[in-house]
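>>> pasting a predicted model and its sequence here:
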Amino acid sequence: MEITIDHLTAGAARAEGTAVIIDVFRAYSFECWAYARGAARVCPLADLDEALARKAAHPDWLLAGERHGRPAPGFDFGNSPAQIEHADLTGRTVVHTTSAGTQGIAAAVRARRILCAALVNAAATARYLRQLGETRVSLVCMGFENTRPTEEDTLCAEYLRALLLGQPFDLAGRLPALRDGPGRRFFLPSDQSFAPERDFVLCTEADRFPFALEIRRDEAGTAWSARVDA
């Protein structure tokens, strides 16, 4: 298996074979949690205006996500897994737009298949890739607001690569460093309304969910991240 690790939308644009778009803090942790809470469909979009238009056209749909970490006006939820940890999303459609993670999907135009991953579903993603018999996998880390690489996304990519190659990896030994590194932003008293401490916990529970997320398109061409048990 040929595996590459790249970064940001430029890396997503270079991705070939199966692209795995990675966003640990917090886009794809959020989408995993949305499916775990019963969502029927999550539609990741890059464009904020398009997301708002979808919400206007379908008032019963939920709109979630962020710009610069904060939910935009008119959103039902931010990009916080803690906000939906106990929510009943059974049967709901969630439109999701973020500064980093969902941008990667739009950029991965050369990829044959697109998956979305975070630490919470890393092992399931690796299992699904092996089931597919993939020979070329592009792991794309979306970083902080799609502006610079981040430790948590790179860690997730390295973990996925080790799983795919059957190599040992000390994930438990490396996770604590995230608390005082990129994860410290979840411990700022001023930001608890949109980036609470609980998000750090929910985003670093490695392999909590037994499903991968695969981008599919409906008859109208709308992309959605389908839950695939693996």
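Perfect, thanks for sending it.
>>> now the helix or strand containing Ser225: how far from the chain's centre is it?
Assigned by DSSP states H and E, Ser225 belongs to strand 223-229. With Cα atoms, centre = their mean, to the nearest Å as the basis, strand 223-229 stands 12 Å off its chain's centre.
>>> ok, now stretch 87-107?
Centroid separation for stretch 87-107 versus its chain: 8 Å, with Cα atoms, centre = their mean.
>>> just the terminal-to-terminal distance for that stretch.
End-to-end distance for stretch 87-107: 31 Å, by Cα to Cα, to the nearest Å.
>>> pull out the buried positions in that stretch.
Buried residues in stretch 87-107, counted by 16 or more other Cβ atoms under 10 Å: 87, 89, 92-107. Using the backbone N, CA and C atoms, a C-beta is placed for each residue, glycine as well.
>>> for Gly17, give me the pLDDT.
Confidence at Gly17, expressed as pLDDT, is 97.
>>> tell me who's in contact with it.
Gly17 makes contacts with Glu2, Ala111, Arg112, Arg113, Glu134, Thr135, Arg136, Val137, Ser138, as judged by Cβ atoms under 8 Å, 6 or more residues apart in numbering.
>>> ok, Ala124 next?
For Ala124, the contact set (Cβ under 8 Å, 6+ apart) comprises Asp207, Phe209, Pro210, Phe211, Ala212, Asp229, Ala230.
>>> nearest residue to it other than its sequence neighbours?
Ala230 (4.6 Å; Cβ to Cβ, 6 or more residues apart in numbering).
>>> check Thr102 too.
Spatial nearest neighbour of Thr102, chain neighbours left out: Pro44 (4.1 Å); criterion: Cβ to Cβ, 6+ apart.
>>> can you give me the pLDDT of the residue nearest to Ala124?
Confidence at Ala230, expressed as pLDDT, is 91.
>>> helices or strands up against the helix or strand that contains the residue nearest to Thr102?
Using DSSP H and E, Pro44 sits within strand 41-45. With contacts defined as 3 or more Cβ pairs under 8 Å, 6 or more residues apart in numbering; DSSP states H and E, the packing partners of strand 41-45 are helix 27-36, helix 48-57, strand 93-97, helix 101-107, strand 223-229.
>>> with distance to Thr18 added, can I get the ones you listed in a markdown table?
Shown next, in a markdown table, are the helices and strands packed on strand 41-45 (distance: least, Cβ to Cβ, whole Å):
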| stretch | distance to Thr18 |
| --- | --- |
| helix 27-36 | 15 |
| helix 48-57 | 25 |
| strand 93-97 | 21 |
| helix 101-107 | 13 |
| strand 223-229 | 13 |
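>>> can you give me the helices in this structure?
For the chain, the helices defined by DSSP state H cover 8-14, 27-36, 48-57, 81-84, 101-107, 122-132, 151-165, 171-174, 176-180, 197-203.
>>> just the buried positions in the longest one, please.
What it means is helix 151-165. Of the residues in helix 151-165, 151-164 count as buried by neighbour count, 16+ other Cβ under 10 Å.
>>> roughly how far does the residue nearest the centre of the chain sit from Asn79?
The residue lying closest to the centre of the chain (Cα atoms, centre = their mean) is Tyr28, at 1.8 Å. Distance, Tyr28 to Asn79, using Cβ to Cβ, to the nearest Å: 10 Å.
>>> what number of residues lie near Ala72?
Neighbour count for Ala72, taken as other Cβ atoms under 10 Å: 15.
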